[in-house]
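Asker: Got a sequence here, can you build the structure:
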Amino acid sequence: MDPVFGLLGKRALVVGGGLGIGRESARLLAAQGASIAVLDLDPARAEVMADELRKAGTTACAVGADMSDPAAADAAVREAADKLGGLDILVNIVGRNSMRTDLADIAPEQFELLLSRNLRHHLYTSGAFTRLLRAQKKSGAIVMVASVAGLVASPGLGGYAATKAALISMTKTMSAEWGPLGIRVNAVAPGVTWTDRNQWGEEVQAQARKSVPLGRIGDQTEIARVILFLASDLASYVTGQTVVADGGATVVTAFDAPST
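Answerer: Got it, this is the predicted structure:
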């Protein structure tokens with residue numbers, strides 16, 4: 001482990017830590033000396049990951065909870081703090097889109113599901129974490145996962161994009177409100193990324209090679225590395241920011257220039 005990260009002895013709650021970017025984030029934080037509470041909607045999946053970390057020599061525990069329920073989110077944060085002896089870091093990975101539809105046709109229940117999956121739980125979980133630290137007069141760090149969909153027009157993904165744009169805004173407001181408490185709040189906005197859930201076909205891969213400056217789809221471990229940075233002391237003067245990790249996709253506009 002590298003002391004420059006300042007994570008030795010820190011205690012991190014990783015929401016969505018049983019799979020994908022969350023699992024990789026838990027591994028990286030543990031490798032730098034943090035104790036880990038792995039929280040997942042599936043308690044068995046959380047326990048599998050916690051057991052892996054314990055076998056590697058990390059202090060780790062598992063918590064099963066549905067963080068879209070405010071009471072459950074509050075209880076889960078307190079459970080994680082009790083098991084680890086406190087918390088210093090919150091990483092919230094949870095978010096998903098499973099529908100493509102024009103905004104004119106999105107059903108109210110579809111939009112409510114997107115709000116629950118991608119926005120509300122960030123408020124509930126971050127609020128519970130902050131109240132815990134505020135009562136103890138302790139500083140800390142929060143890292144959330146947004147999306148480049150919240151930064152650009154996203155035809156067919158408008159509902160999902162709206163929740164991610166709101167999360168980016170909420171990150172800024174949280175950082176302003178909680179900065180005086182010593183709590184940093186940041187987010188990472190991935191572009192198209194390989195994860196355990198997102199397995200992209202050849203058409204998407206070909207488009208990435210053509211339109212992404214780095215010429216490829218990102219990997220979940222690459223996103224986890226950004227999360228590690230934002231959670232660590234390397235980012236001790238960084239707050240209210242959304243770090244885009246998309247291979248450069250959102251900084252270019254590809255077009256065929258007319259010949260002269």
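Asker: now the closest residue to Glu222 other than its chain neighbours, which residues is it bridged with?
Answerer: Once flanking residues are discounted, Glu222 sits nearest to Ala245: 6.5 Å by CB to CB, 6 or more residues apart in numbering. All C-beta atoms are positioned from the backbone trio N, CA, C, and that covers glycine. Here Ala245 shows beta-bridge partners Pro190, assigned using DSSP bridges.
Asker: List the contacts of Thr130.
Answerer: Gly140, Ile142, Met174, Trp178, Leu181, Ile183 (CB atoms under 8 Å, 6 or more residues apart in numbering).
Asker: Please indicate which of the residues you listed has the highest neighbour count?
Answerer: Ile142 (27 neighbours; other CB atoms under 10 Å).
Asker: and that residue, which of the three is it?
Answerer: strand (DSSP: H, G, I helix; E, B strand; the rest coil).
Asker: In contact with it, which residues are there?
Answerer: Counting by CB under 8 Å, 6+ apart, Ile142 touches Ile89, Leu90, Val91, Asn92, Ser126, Phe129, Thr130, Met174, Ile183, Arg184, Val185, Asn186.
Asker: What about the first one, how many residues nearby?
Answerer: Taking other CB under 10 Å as the neighbour definition, Ile89 ends up with a count of 25.
Asker: Just the pLDDT for it.
Answerer: As predicted, Ile89 sits at a pLDDT of 98.
Asker: Can you tell me how far it is from Thr242?
Answerer: In this view, Ile89 and Thr242 are 18 Å apart by CB to CB, to the nearest Å.
Asker: now Ile36
Answerer: For Ile36 relative to Thr242 (CB to CB), the value is 24 Å.
Asker: which of these two has more neighbours?
Answerer: Taking neighbours as other CB under 10 Å, Ile36 and Thr242 compare with Ile36 leading, 29 against 22.
Asker: Now for that one: which residues touch it?
Answerer: Applying CB under 8 Å, 6+ apart to Ile36 gives the contacts 11-12, 14, 17, 26, 29-30, 50, 53, 58-61.
Asker: let's go with 6 Å and repeat that
Answerer: Applying CB atoms under 6 Å, 6 or more residues apart in numbering, we find Ile36 in contact with Ala12, Ala26, Ala30, Leu53, Ala60.
Asker: Using TSV, lay out the contacts of Ile142 together with secondary structure and distance to Arg225.
Answerer: Below are the contacts of Ile142 laid out as TSV (DSSP: H, G, I helix; E, B strand; the rest coil; distance: CB to CB, whole Å):
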residue	secondary structure	distance to Arg225
Ile89	strand	15
Leu90	strand	18
Val91	strand	13
Asn92	strand	17
Ser126	helix	22
Phe129	helix	22
Thr130	helix	25
Met174	helix	23
Ile183	strand	22
Arg184	strand	18
Val185	strand	19
Asn186	strand	14
